[in-house]
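Participant: Provided below for reference: sequence and predicted model.
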Protein chains: 2
Amino acid sequence: MSSAESEAAFLARYDPADYARPAVAVDLVLLGLSGARPAILLLQRDRHPHAGRHALPGGFVGIDEALEDAAARVLREKAGGARAHLEQLYTFGAVERDPRMRIITVAYLALLTEAAFAEALARAPALRLGTVVTSAGEESAGEEPVTVRATDGAALPLAFDHAEIVALALRRLRGKLDYSEVGFALLPELFTLRQLQDVHEAILGTRLNKPAFRRRMLDRGWLDPTGRFETGTSYRPAELYRFRPAPSQSPS
Amino acid sequence: MSSAESEAAFLARYDPADYARPAVAVDLVLLGLSGARPAILLLQRDRHPHAGRHALPGGFVGIDEALEDAAARVLREKAGGARAHLEQLYTFGAVERDPRMRIITVAYLALLTEAAFAEALARAPALRLGTVVTSAGEESAGEEPVTVRATDGAALPLAFDHAEIVALALRRLRGKLDYSEVGFALLPELFTLRQLQDVHEAILGTRLNKPAFRRRMLDRGWLDPTGRFETGTSYRPAELYRFRPAPSQSPS
DNA sequence: CCAATAGTGTCTCTTAGACATTATTAG
DNA sequence: CTAATAATGTCTAAGAGACACTATTGG
């Protein structure tokens, strides 16, 4: 309406506090590689609900804090400030997902290089590493439950709906690994094509054809050869490449 | 983390009721086809802020209401109960996206058949139809701004960050149209292969190769031929197909 | 017959997988 | 020299675009 009232006067009169509001949190799937397996970093809960179970690191969103900033803050506070590629995953809003109160959580995928993963574990001793095992064999079409295991092979039961979040994280990553640039977030600045292929194989859980993989990656135009080579091998050293980011990016 | 206190303990003790909470809303991109163009349904704002501009239909999430239920309720209340395929898009949480107060909004994509689209327009007279024009020509790599136009060609400026939401909706739909089953949400129960191709071409904004399109769709195993044919044509009638949904589905 | 569209056959081009071969390093 | 892996060449198979051809309807 083209009322004569000024916008400032309208804003001053507006009363936002009329309904009970859900709490809003962010939860991070801190994902890296442990050997040839995808792995995540978890915190063991010591209180009800779900005491003893393992949960994704998370935190509430401040009233003056953007979602991405909240995710970055949780990364700083709970992962020892490790650098990571952050990407929004999905928002979980079932009413009873937390029995204490209504909490809507915006899940983020945080991809860590091997160095960042190790650094986070070293700087935040409460974190526990869990390898993510996709319950293959089950062909229940669309639903792929995941199991998280400690390094000794023991199952790490997850709290709340966090198993669902982890499953979605891995599914999303697998889906966009080939056509997008996310794979490079798991690699150091300089890497060989074999390392790149190892990352893809670990995430996808499959073996890939070497010549075809090289051709595809090189044809994508993402790779800058450096002319330098790895050292310390007892065999022919591979060339080191650098990732050349595309001009810009938006969520898709 | 300088404190000796465990993170889990901190989380458990933290009471967000002591802090101001952002409001949580859902916004719907009601998307259908108008002729050979993607189109959306909007509400013109009559108040500050952004008075006169057009906004996505939305509403606040109730304290005992799941996110999906809130989206379904908004669909009922503001789109005359039209049936639609609902799918979560992305969550927008910039601090200043609404000048009145902090509102985090979970955007949903609602896909309407041509009949549902017309029915919504008829039952909810406040809705206005806008065709979505992707600002092609701009090859700004990743960022594809959209323009929304009324049927008379006049520009419909969008409120808040809703242009960004619409742009993401179209980008997401385009991205998954070919490999997923979403395209069928825009078609009636019985349809011809030509209609299916028209939907894909309208969303993608490109022409597709007919034999290749038919082969691909039939090879996907999504289509059940009915043995029936369209009527009322002055040329050879096409066979009518039915969509055969896959066993289950999850967000990806 | 013609006009218009449905539906198909075939050719080519691109891309991926499979497999073999050459290249380079340490020892 | 051998062992191990990097990097590449080549063949084949699958899928998409291009294009022409046949099929079926109304008039």
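Facilitator: Done, it's in.
Participant: So which elements touch the longest strand belonging to chain A?
Facilitator: What stands out as the longest strand in chain A, according to DSSP state E, is strand A:23-34. Strand A:23-34 is packed against strand A:37-44, strand A:58-60, helix A:67-78, strand A:103-111, helix A:114-123, strand A:127-134, helix A:162-177, helix A:193-204, with contacts defined by 3 or more CB pairs under 8 Å, 6 or more residues apart in numbering or on different chains; DSSP states H and E. To be clear about C-beta, it is placed using only N, CA and C from the backbone, and glycine gets the same treatment.
Participant: Turn these into JSON lines, including mean pLDDT.
Facilitator: Below are the helices and strands packed on strand A:23-34 laid out as JSON lines (pLDDT from 0 to 100):
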{"stretch": "strand A:37-44", "mean pLDDT": "97"}
{"stretch": "strand A:58-60", "mean pLDDT": "97"}
{"stretch": "helix A:67-78", "mean pLDDT": "97"}
{"stretch": "strand A:103-111", "mean pLDDT": "98"}
{"stretch": "helix A:114-123", "mean pLDDT": "96"}
{"stretch": "strand A:127-134", "mean pLDDT": "96"}
{"stretch": "helix A:162-177", "mean pLDDT": "97"}
{"stretch": "helix A:193-204", "mean pLDDT": "97"}
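Participant: for these, which one ends up most surrounded?
Facilitator: strand A:103-111 (a mean of 25; mean count of other CB atoms under 10 Å in any protein chain shown).
Participant: got the angle between that one and helix A:114-123?
Facilitator: Relative orientation of strand A:103-111 versus helix A:114-123 (axes from the mean of the first three to the mean of the last three CA atoms, to 10 degrees): 130 degrees.
Participant: by how many degrees do strand A:103-111 and helix A:67-78 diverge?
Facilitator: Going by the same axes, to 10 degrees, strand A:103-111 is angled at 70 degrees with respect to helix A:67-78.
Participant: returning to what we had before: give me the sheet partners of the longest strand of chain A and which way each runs.
Facilitator: Applying DSSP bridges, strand A:23-34 is found paired with strand A:37-44 (antiparallel), strand A:58-60 (antiparallel), strand A:103-111 (parallel).
Participant: ok, the closest residue in space to residue A:195 that isn't next to it in sequence - contacts?
Facilitator: Leaving aside its chain neighbours, residue A:195 sits nearest to residue A:187 (6.1 Å; criterion: CB to CB, 6 or more residues apart in numbering or on different chains). Going by CB atoms under 8 Å, 6 or more residues apart in numbering or on different chains, residue A:187 touches A:113, A:195-196, A:199, A:243.
Participant: closest to DNA strand C among those residues?
Facilitator: Closest approach between the contacts of residue A:187 and DNA strand C, by CB to the nearest atom of the strand: residue A:196, at 14.0 Å.
Participant: and the spatially most central residue of chain A, what does it touch?
Facilitator: Chain A has residue A:109 as the residue nearest its centroid, 2.3 Å off, counting by CA atoms, centre = their mean. Residue A:109 is in contact with A:28-29, A:31, A:86-89, A:169, A:172-173, counting by CB under 8 Å, 6+ apart.
Participant: count of residues packed around whichever residue of the stretch 51-200 of chain A sits closest to DNA strand C?
Facilitator: As assessed by CB to the nearest atom of the strand, DNA strand C sits closest to residue A:178 within the stretch 51-200 of chain A, at 8.1 Å. Residue A:178 has 16 neighbouring residues, counting by other CB atoms under 10 Å in any protein chain shown.
Participant: Could you do the one 3 residues further on as well?
Facilitator: The tally of other residues near residue A:181 (other CB under 10 Å) stands at 16.
Participant: could the strands paired with strand A:23-34 go into TSV alongside distance to DNA strand D?
Facilitator: As requested, the strands paired with strand A:23-34 are exported to TSV (distance: least, CB to the nearest atom of the strand, whole Å):
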stretch	distance to DNA strand D
strand A:37-44	19
strand A:58-60	38
strand A:103-111	23
